[in-house]
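# Dropping the sequence and predicted coords here.
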Amino acid sequence: MKNKTKALIILGLCFLMSMFYSSVKSQTILLDKPVGAGDLTLFPDLNNESNFYYMPNQVQLATHPDGKPMFSFIKYVRNTDGSAATGTQITRSNEAGGIIHAVVRLDVTDDQIKDAERALRRIKSNGKIVGPVIYKSGTVMLISSFNKEGENVKRVVGLGTAPILEGQNCAVSVHLTKEASDILWATFETPTPDFSISFEMEIEGFLSPKRAEIKANWDKIYSNKTFQGAMASPLISAEIVAAFDDLRDQGAIEVTQVGSDEQIDKLVESAYNQLANLMFDKIAGSGVPDVGSMYPGSNKSMLDRATENLDKYRKEAIDYNNKQEQLYNERLKADNDSRTRARASSDAAAQASGRQAVRPVAQAGTGSNRRDSTATKKDAKSPDRMSVPGLSIALSYKMKQEKRSGEYKINLNKYTQETRMNRFDQNFGALISQTKCPDCFRRVNLDDPLYQQREINARVDGSINSDDFGKYINSVEVLMRKTHQDGEQTVQGLQINKQLFNDKANNFVMVYGWKGDDDRAKWLSYEYKTRWSYFGGASTESDWTKTESAVLALAPDYVRKPVFVEGDGDFFDAEKIRAAEVTLFYKINGREQSKRVTLQPKDNGLSQMEEVILPRDSNEYEYEIAYFIKGQAAPKIIPRQKTNYGRIYLETIN
């Protein structure tokens, strides 16, 4: 009886999980038709525009059962020997710093959803909210203000992986320098500390058909000076956008639209996103990056680059919005001047003819006069305002090894799959000041080595999320061994799967202590190795690696890469093709895997996306096409062929 009950529970869980992944895969939202409803942003479903998905963009600081915030700020110092030559009895140690740990979550309340539903029905009477948007990936940033030369400067002080599902927690840890620790500690002593948490979330959906076309010349793009240097050092998004802007001015990138150009900025953003996805792989943020390997010849950390990018986009947005406001006021003034001249001309004409100029009178039943001809801000179109850029502020991008050639062209006159970045912020300083949460703040002295222990934080790389564990990764094993100076050895291991990844908020710790390690510098070094297990029985294992890093960024050898399969409607009609099946073949450490994509002319089914699992530094896979033609019993098979492009176009039978 117990076994039967257990089996029913397992079957129920499997059913719920299958329903969840089915809902994720079935989300075909329209990114270019957002609706503001209450506190939420809604996106309509491509297949049923009465159904809407809400964006979980309400950031909260997680709390313990007693209501206290899941936040801690430890300011530490380690004693150092003073200089005997000075004869000073009291000295100051410079071996100090701070560690901030915060647990945050994306959470939307039932009341907010109900308010959004009421607002939606006023806009669309049959509209209904069917669930949350499931993010593809995300990055969380900790941002604070530092006083520099009398001016408050915003800085990114920490980066981490954000949760992709509503209600999930994520932990972010930050190691601060002594100066940053002192300044931030002083900030938290004020009534309203400046401490913000910013989310950058990647959302996937579709764009409505537009009479537009994107063309790009790969040879000219790769000859750009910025991209020539990108093979040696990663780029931040601001550098990529600037290079694309130059290439567009030179004609290497063309965005052509038939008709109105009101949406040209969005089309340009789509073009840049498409090109960036083909040229670059994303590098996720880390609070303690390896500066030497990530930016050769540079002393800037990932946090510095993220701060520079944040400052650049903030300045661009402010300058752009000020310019738009200026143009808006100029249009308003010109409209007022034009109406004034027209009224003066009408008065002059009436006076010359001996008639009295007609003036608006009170409207019956209103008790107030009609408005006169002077333009108001309600008459004029509101100024356009810049929001979040299409590429991420917090991420860096590494150039793919394979270079493309020839001309790239895509027609946007159909529903096109697109990925966009959305950013939202929340200031939590008022919730966690030292007066409101004194237990959140500690000052410690780390001098006695006997009590010291080394914590190794292991985190799955930011490019991997919970969805990856459900789609192609079974688990990752991490082994750590420390050979102490007294000859003893400490060995610890972790096995991270989907459940632990979510439960632990992607924050795992291994510890070793002090066992005769009188040489403090040597005490910091240890060895580790990883083993990744993938769906289908494939696995990869690393060698033992020696390091001193306090943070292990666990990145798999194989990652998901999108393949967009698109069919030409005229070609399908001309060849009387009812459907086409494209089988994708790829190998994980020698084990071949396959996935199948089906295209059908009906229901806008000629644009599909599937993902293949490939090495990080390779895009090569194989595919085979089967055409099902009306009147033919057997399909026509196009033999398997290799490619390293992320798009497959079906426009010929050969």
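Sure thing, it's come through.

# what about G131, how many neighbours?
G131 has 14 neighbours, counted by other CB atoms under 10 Å. Placement of C-beta: from N, CA and C, glycine included.

# Name the nearest residue to it, ignoring sequence neighbours.
Residue nearest to G131 in three dimensions, not counting chain neighbours: Y53, with 5.7 Å by CB to CB, 6 or more residues apart in numbering.

# pretty sure that neighbour contacts Q27?
Yes - using CB atoms under 8 Å, Y53 is in contact with Q27, at 6.4 Å.

# Mind splitting the protein into its structural domains?
Per the record, the chain has its domains at 1-80+94-208+415-447, 209-331+390-414, 467-552, 559-650, by automatic domain parsing.

# I'd guessed D461 sits against L554; true?
Yes - the criterion here is CB under 8 Å, and D461 meets it with L554 at 6.0 Å.

# Do a quick rundown of the helices in the stretch 401-550 of the chain.
Using DSSP state H, counting those that start in this stretch, the helices found in the stretch 401-550 of the chain span residues 466-471, 498-503, 520-523.

# Quick check: which helices or strands does the first one pack against?
In this structure, helix 466-471 packs against helix 2-25, helix 498-503, with contacts taken as 3 or more CB pairs under 8 Å, 6 or more residues apart in numbering; DSSP states H and E.

# mind redoing it with 6 Å?
Contact here means 3 or more CB pairs under 6 Å, 6 or more residues apart in numbering; DSSP states H and E; on that basis helix 466-471 packs against helix 498-503.

# Mind listing residues that contact the helix it packs on?
466, 469-470 (CB atoms under 6 Å, 6 or more residues apart in numbering).

# avg pLDDT for that helix?
In this model, helix 498-503 has a mean pLDDT of 87.

# buried set for it?
For helix 498-503, the neighbour count (16 or more other CB atoms under 10 Å) marks 498, 501-502 as buried.

# With stretch 558-565 instead?
Within stretch 558-565, the residues that count as buried by 16+ other CB under 10 Å are 558-561, 563-565.

# if we can go back for a sec, if I look at the residue nearest to G131, what pLDDT would I see?
pLDDT recorded at Y53 is 93.

# Now do it against L42, distance only.
For Y53, the distance to L42 (CB to CB, to the nearest Å) stands at 7 Å.

# Which helix or strand in this structure has the lowest average pLDDT?
Using mean pLDDT, DSSP states H and E, helix 291-294 stands out as the lowest-scoring helix or strand of the chain, at a mean of 32.

# Show me the strands in the stretch 551-654 of the chain, by range?
Assigned by DSSP state E, counting those that start in this stretch, the stretch 551-654 of the chain shows strands spanning 551-554, 558-567, 577-588, 591-599, 607-615, 621-629, 636-643, 647-650.

# no no, the stretch 51-200 of the chain
Per DSSP E, counting those that start in this stretch, the stretch 51-200 of the chain carries strands over the ranges 51-54, 59-61, 71-77, 96-106, 128-132, 137-148, 151-161, 169-176, 195-207.

# Let's see the last one as CSV, backbone CA atoms only.
Going back to what we said before, that points to strand 195-207. Extracted in CSV, the C-alpha atoms of strand 195-207 (Å, rounded to 0.1, in the frame of the first residue of the first chain):
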residue,chain,number,x,y,z
PHE,A,195,21.4,50.5,-1.7
SER,A,196,19.6,49.2,-4.8
ILE,A,197,19.1,45.8,-6.4
SER,A,198,18.7,45.8,-10.2
PHE,A,199,17.5,42.9,-12.3
GLU,A,200,18.4,42.4,-16.0
MET,A,201,16.1,39.7,-17.4
GLU,A,202,16.1,38.1,-20.8
ILE,A,203,12.7,37.4,-22.2
GLU,A,204,11.9,35.4,-25.4
GLY,A,205,8.9,35.9,-27.7
PHE,A,206,7.8,37.1,-31.1
LEU,A,207,7.7,40.4,-33.0
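
# What helices and strands are in contact with that strand?
Helices and strands touching strand 195-207, by 3+ CB pairs under 6 Å, 6+ apart, are strand 137-148, strand 416-427.

# of all those, which lies closest to Y272?
For the helices and strands packed on strand 195-207, the distance to Y272 is smallest for strand 416-427, at 11.2 Å, taking CB to CB.

# Other residues contacting that closest one?
Contact partners of strand 416-427, identified using CB under 6 Å, 6+ apart, comprise 31, 57, 59, 196-204, 206-207, 270, 388, 392, 609.

# name the helices or strands packed onto the helix or strand harbouring I240?
Element membership of I240, judged by DSSP states H and E, is helix 237-249. Helix 237-249 is packed against no helix or strand, with contacts defined by 3+ CB pairs under 6 Å, 6+ apart.

# pLDDT of the following helix or strand past that helix, averaged?
Next helix or strand after helix 237-249 toward the C-terminus (DSSP H and E): strand 253-257. Regarding strand 253-257, the rounded mean pLDDT is 82.

# try stretch 221-235
Average pLDDT, stretch 221-235: 80.

# Which positions within that stretch qualify as buried?
For stretch 221-235, a neighbour-count test (16+ other CB under 10 Å) marks 221-222, 224, 227, 230, 234-235 as buried.

# How much space separates L327 from D265?
15 Å.

# I'd like the helices and strands packed on strand 195-207 as a markdown table, with mean pLDDT and mean neighbour count appended.
Shown next, in a markdown table, are the helices and strands packed on strand 195-207 (pLDDT from 0 to 100; neighbours: other CB atoms under 10 Å):
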| stretch | mean pLDDT | mean neighbour count |
| --- | --- | --- |
| strand 137-148 | 72 | 21 |
| strand 416-427 | 79 | 18 |
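
# which residue sits closest to K33 in space, ignoring its chain neighbours?
P44 is the one closest to K33 (CB to CB, 6+ apart), at 5.5 Å.

# which element is the one you found on?
Assigning secondary structure by DSSP H and E places P44 in strand 40-44.
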